[in-house]
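Peer 1: turn this into a model:
(2 chains, ligands or ions: 1)
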Amino acid sequence: MSVATPLPHDSAPLHVTGRARYVDDIPAPAGTLHLAFGLSPIARGRIKAMDLAAVRAAPGVVRVLTREDLPNACDTSPSAHDEPLLAEGEVFYAGQAVFLVIATSHLAARKAARLGKVEYEEMEPLLSYDETLAAGAEFEAEPRVWQKGDAGAAIAAAPRRLTGRIEIGGQEHFYLEGQAALAIPDDGGAMHVVTSTQHPTEIQHKVADALGLPMAMVRSECRRMGGGFGGKESQGNALAVACAVAAKLTGRACKMRYDRDDDMVITGKRHDFRIDYDVGYDDGGRIAGIDFTQVTRGGWSMDLTLPVADRAMLHADNAYHLPACRITSHRLRTNMCSATAYRGFGGPQGVLGIERMMDEIAHVLGIDPVEVRRVNYYADCAGGGGGGGPSAPRSAAPSPPERYLEQDRSPGSGHAMSGALAGAGKRFGAEHSPVARPVEPQTTPYGMEVKDFLLNGMTAKLLADCDYAGRRAAIRAWNERSPILKRGIGFSPVKFGISFTLTHLNQAGALVHVYQDGSIHLNHGGTEMGQGLFQKVAQVAAARFGVDVAQVRITATDTAKVPNTSATAASSGTDLNGMAAMAACDAIRERMAECLAGLHQAKPEAVVFEGGEVRVGEAAMSFAQAATLCYENRVSLSATGFYRTPDLAWDRIRGQGRPFFYFAHGCAVTEVAIDTLTGENRILRADILHDVGASLNPAIDRGQIEGGYVQGAGWLTTEELVWDDKGRLRTHAPSTYKIPACSDRPPVFNVELWDGENPEATIYRSKAVGEPPFMLGISAFLALSDACAACGPHYPALDAPATAERVLAAVKRARG
Amino acid sequence: MYAFEIERPTSLSDAVSALKAEGAQALGGGQTLIPSLKARLAMPEVLVSLSAIDEIKGICTDDEGRICIGGGTPHGRVAAELKDSYPALASLAARIGDPAVRNRGTIGGSLANNDPSACWPAAALASDAVIKTDRREIAADDFFAGLFETVLEEGEIVTEVRFPVPQAANYQKFAQPASRFALVGVFVAKYEAGVRVAVTGASESGVFRWTEAEEKLSSDFSAAALEGLSHAAEGMIGDLHGTPAYRAHLIGVLTKRAVAAAG
Ligand SMILES: Cc1cc2nc3c(=O)[nH]c(=O)nc-3n(C[C@H](O)[C@H](O)[C@H](O)COP(=O)(O)OP(=O)(O)OC[C@H]3O[C@@H](n4cnc5c(N)ncnc54)[C@H](O)[C@@H]3O)c2cc1C
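Peer 2: Numbers count the residues shown, from 1 in each chain, chains lettered A, B, ... in the order given. Predicted coordinates for the structure are as follows:
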């Protein structure tokens, strides 16, 4: 069976031999033109005059466009229609596109762009949290506030109270392949755009809007990205729109890619946050109530700031059952690049807020930080939690998955769905189904019942496996003997909600063809950015037909094949597209089964697709022979599939409902060492236990977990974004901005998958894995804090990223 | 990059005369100069490559026992060849950049460039080295003249650097994590005549000697001798990678480390 198999990434041989094709590798049509933006050097001001004569006269320049030359604003925003392609009289951040150069080569375009003379009337930019708050520059008229119970009263009544603040830096995506797009004009004004994007449908939409075309006239395609991490959810719009507009104007293919410095200056990054907490708790560390105030800098335009900030609120509880809670969220409009999606989408910042608070409570009480976490955990679901912690009974079993297939089956296929899940075997069995109704449901601060919690059991297993208690004691003893180097150990759990919080995005489509030779063409709305989505979905398709995965041809995401797709984001790629592909495969398989059953006087349910063969009663034939037979009997061997996540309901203004289909869990223990003289630090070891349900591909899942941890740890340690007091980003190259390299991964790195199955009816009972492990990197940050705390009696109050200088400052605070 | 001519003399005298031309500039390993040209920070008309001049390459020991490194010798050779005779120099060279930088970049280019974060200036200053050029010999104490400035004249070529071998020495480099250049670097060298401590990466006026530390260490070469001594933050570099106070603090820590490691 092809599912649950640790197959390598389908493109791995191409990746390592350099033969995988990215946008800039595609042989471009003769006469292709190249684009570059002229950028604003200042963060805020009015354009007084623009002299582009030298740009126009530069070698190779074909045209130079300003706002006046565009057919309309050519908006590139994914949300509020507030991002004109080129500045409209005013600039709002250093790096904003002011004019567009179209030239015969990439270099000619870039060189010419430097020659623009733009005069500005400079204005004072809004940069810091405090000045922006004071100026009232927020994206929503008022801050979002969500409440559960009366947090104020609960805090006041609690035996203990503590307040604190953590500052959390942003993060550059640093995808290896920078932003890139290619637009090729088609017949009759239609446009074909190839973009490095997580969201081909949005590219199609924005291009159609800019060109005044119906969406059917624009085809958007993406075979793969060299990394996305959220940075290609909306940030590719500007390049695709620019290329399309230029291609229409010139009648020639147009291509654009940002060089690394430009990419870092122009595109949005992870939102930085400042989180204040005010918590009431008791001597055992049990929380009575919390009041969080989250402030984030969204940059000059709205982009995805609202849902990102929402998700930070949605993860303010992380893994903890809070009796009373109030979360206030300010989304600031600052004169910086527009912060955007980044793996975790605000979740990591929300999680870090409460993890830091837990850490401080443990410090004040002098008890093990893991214990403080455990007393506040949600209760585990029955059956899934393993040995540790109290288990709460769960509510009724989820509906059988057939229901979703039934409702989502493509119209016109009137067959019964019996046997549709034959390939899934016991994974859909009822033995994991919970039994009784809970006495009192445990709910998140936004009123969602937590029914599938696993972390009590997972924590117990991880702590035992990595000998947490023994090592903690050994570290304490070691620290007593070591005046200069100190070690620290940190534990952090994550419970991450899976689904888009904008409910209608939770849908996907697929298109599958079986050719008469038995080869299979697979297409779906998800995009491949190295995460292994295509391989996982191909495994699903192969499993449905009982063939080897090599027989499934993976193809580029293409809006002409599957329309109205959502971004490949929110970790949901496999959940959504795997289900859609399964529905398409099953529709074809059923038609084949019916045809073959008819030929062999058997029942369609008795037709078995397995091991590359199709068996009907005594007869057995290869899948290829079966396909030929069906073709000759005039059976349609092409089908679309569709899926929508069931049971979601969410009101973001009230902060109430069920935004998520389920939760994915993980926990990690990290050990670090710091040098108390300089703040230098190093990860020595990391142990991870992560929940991916029943893994579709343990090799790919492990890769996501390792990569997520390393990227998360990088965010909180070496990756520091620095803007100067004029709002210019000073860290815009790898010479100044440090991402983790292979040699920065922990020398001892144990990753285990939690052996379980998703109680919800997801594709083969697997769980999403893209974002959740990112937050495991928080354990590294907490370990650093623990090492600082070993230097003195005070709480070190470490801020992120924990650069050497910040660690040294925290050591000093600990000493007092 | 602006257009330029390139010449490849094979003798020092040819190079010296080639450098007399208007707008001519020496090209060592190009590890600093080529990126500067790409960024259009320099506009030489003629580049005179020193890479084909064998007489300024290689390492030997002179009659006074000094280690003499040709000005055109790449860092990689120093790293490979001085492990036994002057291990601190070999170790410094081994930590510069990456293999490509070490195979191309030269000691002469590094000293002539006098980047405030470069490693070689600290070694030369702490070792009381003599910098020999096509026309004179300059003591390291007289050679460096502020950020990216030296006393080299127009067209003057560093042909050799002579390092007296110390009794003990060590170079401590606190690498800025992204570029791996020295956020602060301290070279400590102990000679019969006294201890010298040179600091790079830290000061707004470039590499310098920390004389207070030298005095203490000359009478007692131990980390304990530095107890209570700290460097002022005034005049130190404050930038995106670190504050003046942090750099000043690192000077103290790295000096102690260097002394302890030198043994
Ligand atoms: C990625 C990277 C990392 C680096 N990391 C470090 C580091 O950690 N520590 C460090 O110290 N350095 C580092 N460097 C700089 C490196 O050491 C360079 O080799 C050195 O600074 C310049 O030497 P070069 O031979 O390449 O000189 P070039 O770049 O060719 O020239 C530099 C300047 O010196 C002049 N010049 C060259 N040779 C001579 C000569 N013989 N006589 C007179 N003038 C001459 C040139 O005219 C020019 O003005 C790094 C460089 C890179 C690219």
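
Peer 1: what about the closest residue to residue A:217 other than its chain neighbours, how many residues nearby?
Peer 2: Distance criterion C-beta to C-beta, 6 or more residues apart in numbering or on different chains; nearest residue to residue A:217, sequence neighbours excluded, is residue A:190 at 4.4 Å. Glycine gets a C-beta too; all of them are placed from N, C-alpha and C. When neighbours are counted by other C-beta atoms under 10 Å in any protein chain shown, residue A:190 registers 15.

Peer 1: contact residues of chain B facing the ligand?
Peer 2: B:25-33, B:50, B:71-72, B:96-97, B:101, B:104-106, B:108-110, B:112-113, B:115, B:118-120, B:157-158, B:180-181 (C-beta under 6 Å from any ligand atom).

Peer 1: residue A:262 should be in a helix, yeah?
Peer 2: Yes - counting by DSSP: H, G, I helix; E, B strand; the rest coil, residue A:262 is located in a helix.

Peer 1: wait, doesn't it sit right on residue A:94?
Peer 2: No - using C-beta atoms under 8 Å, residue A:262 makes no contact with residue A:94, being 11.9 Å away.

Peer 1: more neighbours, those two?
Peer 2: Using other C-beta under 10 Å as the criterion, residue A:262 and residue A:94 rank with residue A:94 on top: 25 against 20.

Peer 1: any idea of the pLDDT on the more buried one?
Peer 2: With respect to pLDDT, residue A:94 has a value of 98.

Peer 1: how near is it to residue A:120?
Peer 2: Applying C-beta to C-beta, to the nearest Å, the value for residue A:94 to residue A:120 is 11 Å.

Peer 1: one more: residue A:170?
Peer 2: 26 Å.

Peer 1: thinking again about what came up before, anything in contact with each of residue A:262 and residue A:94?
Peer 2: Taking C-beta atoms under 8 Å, 6 or more residues apart in numbering or on different chains as the contact rule, residue A:262 and residue A:94 both touch residue A:39.

Peer 1: residue boundaries of the helices in the stretch 151-263 of chain B?
Peer 2: B:211-219, B:244-262 (DSSP state H, counting those that start in this stretch).

Peer 1: switch the ones you listed over to CSV; also include mean neighbour count.
Peer 2: Listed next are the helices of the stretch 151-263 of chain B as CSV, based on neighbours: other C-beta atoms under 10 Å in any protein chain shown:
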stretch, mean neighbour count
helix B:211-219, 17
helix B:244-262, 23
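
Peer 1: please report phi then psi for residue A:711.
Peer 2: When read as degrees, to the nearest 10, the backbone of residue A:711 gives phi -70, psi -40.

Peer 1: tell me the contacts of the nearest residue to it once chain neighbours are set aside?
Peer 2: Nearest residue to residue A:711, sequence neighbours excluded (C-beta to C-beta, 6+ apart): residue A:774, at 6.0 Å. Going by C-beta under 8 Å, 6+ apart, residue A:774 touches A:343-344, A:348, A:708-709, A:711-712, A:715.

Peer 1: so which strand or helix has residue A:578?
Peer 2: helix A:573-599 (DSSP states H and E).

Peer 1: what's that helix packed up against?
Peer 2: In terms of contacts (3 or more C-beta pairs under 8 Å, 6 or more residues apart in numbering or on different chains; DSSP states H and E), helix A:573-599 is packed against helix A:402-408, strand A:507-514, strand A:520-524, helix A:533-545, strand A:613-616, helix A:623-632, strand A:638-644.

Peer 1: break chain B down into its domains, please.
Peer 2: Listed by automatic domain parsing, the domain ranges of chain B are B:5-163, B:168-262.

Peer 1: tell me the gap between the first one and the middle of its chain.
Peer 2: Which is domain B:5-163. Offset of domain B:5-163 from its chain centre (C-alpha atoms, centre = their mean, to the nearest Å): 9 Å.

Peer 1: still on that earlier bit, which one, of the helices and strands packed on helix A:573-599, ends up nearest to chain B?
Peer 2: With respect to chain B, and counting by C-beta to the nearest C-beta, the nearest of these is helix A:533-545 at 31.1 Å.

Peer 1: what residues sit buried inside the helix or strand just after the closest one?
Peer 2: Sequence-wise, the next helix or strand downstream of helix A:533-545 (DSSP H and E) is strand A:552-554. Within strand A:552-554, the residues that count as buried by 16 or more other C-beta atoms under 10 Å in any protein chain shown are A:552, A:554.

Peer 1: what does whatever helix or strand comes next after strand A:552-554 contact?
Peer 2: Remark: after strand A:552-554, the chain's next helix or strand is strand A:557-558, criterion DSSP H and E. Applying C-beta under 8 Å, 6+ apart, the set of residues contacting strand A:557-558 from outside is A:200, A:219-223, A:523-528, A:565.

Peer 1: what lines up beside strand A:557-558 in the sheet?
Peer 2: Paired with strand A:557-558 in the same sheet, following DSSP bridges, are strand A:218-222 (antiparallel).
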